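Colleague: Compute the structure for the input listed below.
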Amino acid sequence: MRKAFPIIALGVFAVVMVLVFLSFRPGEESSAPLNLNLPEKWQEFNRAANATGSEALGLFQKEHEKKISWKDGVKADYTDGKVTFSMWVAGAANDGHASQMVTDMTNRIGGGNPTFKQPTQVDLGVVKAYKTEGQGKVNYFYAKGRQVYWIGISGAANPDDLVKRLYPEF
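Modeller: Numbering: from 1, shown residues only. You can find the predicted model right below:
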């Protein structure tokens, strides 16, 4: 029995590890609703345009010129008469997928992209965000949970201050 104990203990350990491994599914899609809605008014900014669901996903696909595996989306444009910003929010299958989408965007934007400058990290206090310039805007993008955000600001004297002021609300 003494000689069999290490083999039995190793077998029990292996069975436990297999059961733990089978119960862990990091890539599993969440079935929780995304509830992607943007307000009609955002501080002093009024919503000038809005697209949700399949209409927003169609705009995302057109903008990227390829099919993207998002679960849901919303896009809205806001203005106060001088400053404008566009808010794109895409819903991913899970948090890991959202983070990977930001990593992919960062990699594609860098390295000689003709539309946007090389992204740099910016501190919004809560999330790791990236900043790039292009298409006449200062753009910020990041993942928060299952959602990916892209905010494009034009006309602001200090877009970093504006996005930090807007950030707590999204």
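Colleague: neighbours around Thr115, how many?
Modeller: Thr115 is flanked by 9 other residues according to other Cβ atoms under 10 Å. In this view, the C-beta of every residue, glycine as well, is placed from N, C-alpha and C.
Colleague: same question, the one 5 residues further on
Modeller: Number of residues near Thr120 (other Cβ under 10 Å) recorded here: 12.
Colleague: Wait, it touches Tyr130, no?
Modeller: Yes: between Thr120 and Tyr130 there is a contact under Cβ atoms under 8 Å: 6.9 Å.
Colleague: who touches both of these two?
Modeller: Counting by Cβ atoms under 8 Å, 6 or more residues apart in numbering, Thr120 and Tyr130 have no common neighbour.
Colleague: State the helix or strand in which Ala90 lies.
Modeller: In this structure, Ala90 is located in strand 84-91 according to DSSP states H and E.
Colleague: what is the mean pLDDT for whichever helix or strand comes after that strand?
Modeller: Following strand 84-91 in sequence order, the next helix or strand is helix 95-109 (DSSP H and E). Averaging pLDDT along helix 95-109 yields 90.
Colleague: Name the spans of this protein whose pLDDT lies under the cut-off.
Modeller: Within the chain, the ranges that satisfy pLDDT under 70 run 1-36, 53-71, 168-170.
Colleague: Quick one: the helices in it, in order.
Modeller: Using DSSP state H, the helices found in the chain span residues 5-23, 53-64, 95-109, 159-166.
Colleague: what angle do the strand holding Ala90 and helix 95-109 make?
Modeller: Put simply, strand 84-91 runs at 130 degrees to helix 95-109, going by axes from the mean of the first three to the mean of the last three Cα atoms, to 10 degrees.
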